[in-house]
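# would you be able to build a 3D model of this:
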Amino acid sequence: MGLRVGRHSATTSRCPGTLVPVPGALQEGSLRFGEEIPPWFSADDVQKMRLLAGAEVVSKARVPAHGQVLRVGFRAPMGAAAADGDCAAGLCGLAKRPGDLYEVLAFHLDRVLALNRSLPAVARRLGGHLLPYRYTDGAPRPVVWWAPDVRHLHDADNDQNSFALGWLQYQALLRQRCGAGGGAAPGRAPCVGVAHAEWSRLALFDFLLQVHDRLDRYCCGFEPEPGEPCVQEMLHAKCRNPAELALVHILVRRSAPSRLVFIDNAGRPQHPEAKLNFRLLQGIDSFPESAVAVLRSGCLQKMLLRSLYVDRELWDSQGGSEGLRPLLQTLERRAQIFLRYLREHNLGLFRETAAP
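Numbering: from 1, shown residues only. The predicted model follows:
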């Protein structure tokens, strides 16, 4: 029986797409979709998840300035025109640390909320003689699809951005509504070509996950502990001078330069609720209606459980539904806090004008 994408009906569950397959449902290696694939995954997502989860690793390469990340090349699928391990053809992934498994949950959250800006990611136990032992020690680790056309600056100190962007310029382009019919006027900061709505998606995503590295790598929005990297690297002290604050991991793909790409999404599941970083939401005046509808529906945890069930390695390593529940409850509490923020600040919603 073939698998079908996006066929779950709301009539079978109050929360669409949340039916967990019964034991013995169709399984492909470490992926188990059941008879129907959750509707938030596209056919392209499924294809890339299959590649990341099951394709043979045929090459490896170090990633400059990222000592604990390894780029791996995969064997091309049968009948593919591309050669094995051809990164330009999308046959590569990044093998990250076991401690970054939260990045896989982040990918599922991105899809459940219909943001569709994160790169596909799965949990996988790597093996074989090609890779160093620390990558084949039996621990599940995130493997994230390598997008071949992400645009990087040719600057050794700033290669994790597609363009240089400081906090003050970012706030200015939000006020100017760059990419939403607004634009740079004489004497104002230039726009960077990213659609205005993209910043709303990023802010919502980063708030729920408490990812500070993109919009607030200096930890200016909360009081960090002494052991935080932003303190250890003496970044927090720069909060006194907003002109020195730079945004990091602000990336686009050459094939879609107006859309952001969310990378390095292993946020902070243990970040205390009393220190939630609301600076991540600063300057945003509206949010995507479809994502907010999921947060309001009461279905977020059920949808994420159904989604994460697909990734057996992640599911089993975290103790199944019971083990994952504390993480999902944390996301649910943050979602409710975000919704309260939305109401208290009387912020608007916008509808998608085109397919993501």
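# quick one, helices of the stretch 201-350 of the chain?
Applying DSSP state H, counting those that start in this stretch to the stretch 201-350 of the chain gives helices spanning 229-232, 289-297, 300-309, 312-317, 320-344.
# care to break the protein down by domain?
The chain breaks down into these domains under automatic domain parsing: 20-145, 167-350.
# give me the mean pLDDT for the last one.
Going back to what we said before, that points to domain 167-350. Averaged across domain 167-350, the pLDDT comes to 93.
# quick one: closest of the domains of the chain to residue 160.
Among the domains of the chain, the nearest to residue 160 by C-beta to C-beta is domain 167-350 (5.4 Å). (Glycine included, C-beta is placed from N, CA and C.)
# end to end, how far does the closest one reach?
24 Å (C-alpha to C-alpha, to the nearest Å).
# could you pick out the longest strand of this structure?
strand 66-74 (DSSP state E).
# how many other residues sit next to the residue nearest to residue 298 when sequence neighbours are not counted?
Take residue 298 and drop its neighbours on the chain: the residue closest to it by C-beta to C-beta, 6 or more residues apart in numbering is residue 15, 7.7 Å away. Residues near residue 15, counting by other C-beta atoms under 10 Å, number 18.
# ok, residue 80 next?
Taking other C-beta under 10 Å as the definition, residue 80 ends up with a neighbour count of 12.
# how about residue 318?
Neighbours around residue 318, by other C-beta under 10 Å: 22.
# from residue 324, how far out is it?
Relative to residue 324, residue 318 is positioned 5 Å away (C-beta to C-beta, to the nearest Å).
# quick one: contacts for residue 89?
Shown in contact with residue 89 (C-beta atoms under 8 Å, 6 or more residues apart in numbering): 76, 80, 81, 82, 83, 148.
# ranking those residues by neighbours, who comes first?
Ranking the contacts of residue 89 using other C-beta under 10 Å puts residue 76 first, with 19 neighbours.
# test my guess that that one contacts residue 92.
No. Residue 76 is not in contact with residue 92 according to C-beta atoms under 8 Å; the separation is 11.2 Å.
# overlap in contacts of these two?
Counting by C-beta under 8 Å, 6+ apart, the residues touching both residue 76 and residue 92 are 85, 86.
# neighbours of the nearest residue to residue 228 once chain neighbours are set aside, how many?
Spatially, and ignoring its direct neighbours in sequence, residue 228 is nearest to residue 219 (6.1 Å; C-beta to C-beta, 6+ apart). The number of residues packed near residue 219 is 20, by other C-beta under 10 Å.
# so who does residue 219 touch?
Residues 212, 228, 230, 231, 235, 236, 239, 277 are the ones in contact with residue 219 under the rule C-beta under 8 Å, 6+ apart.
# buried subset of the residues you listed?
212, 230, 231, 235, 236, 239, 277 (16 or more other C-beta atoms under 10 Å).
# could those residues go into JSON lines alongside distance to residue 98?
Converted to JSON lines, the buried ones among the contacts of residue 219 look like this (distance: C-beta to C-beta, whole Å):
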{"residue": "212", "distance to residue 98": "21"}
{"residue": "230", "distance to residue 98": "23"}
{"residue": "231", "distance to residue 98": "25"}
{"residue": "235", "distance to residue 98": "26"}
{"residue": "236", "distance to residue 98": "28"}
{"residue": "239", "distance to residue 98": "32"}
{"residue": "277", "distance to residue 98": "25"}
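# looking at the residues you listed, spot the one nearest residue 106.
residue 212 (13.7 Å).
# you'd agree that closest one is up against residue 280?
Yes. Residue 212 is in contact with residue 280 according to C-beta under 8 Å; the separation is 7.4 Å.
# what's the overlap in contacts for these two?
With C-beta under 8 Å, 6+ apart, residue 212 and residue 280 have common neighbours 206, 221.
# residue ranges of the strands in this structure, please?
4-5, 36-37, 57-63, 66-74, 92-95, 121-124, 141-145, 251-253, 256-261, 286-288, 348-350.
# quick check: can you name the pairing partners of the third one and their directions?
Take DSSP bridges as the rule and strand 57-63 pairs in its sheet with strand 66-74 (antiparallel).
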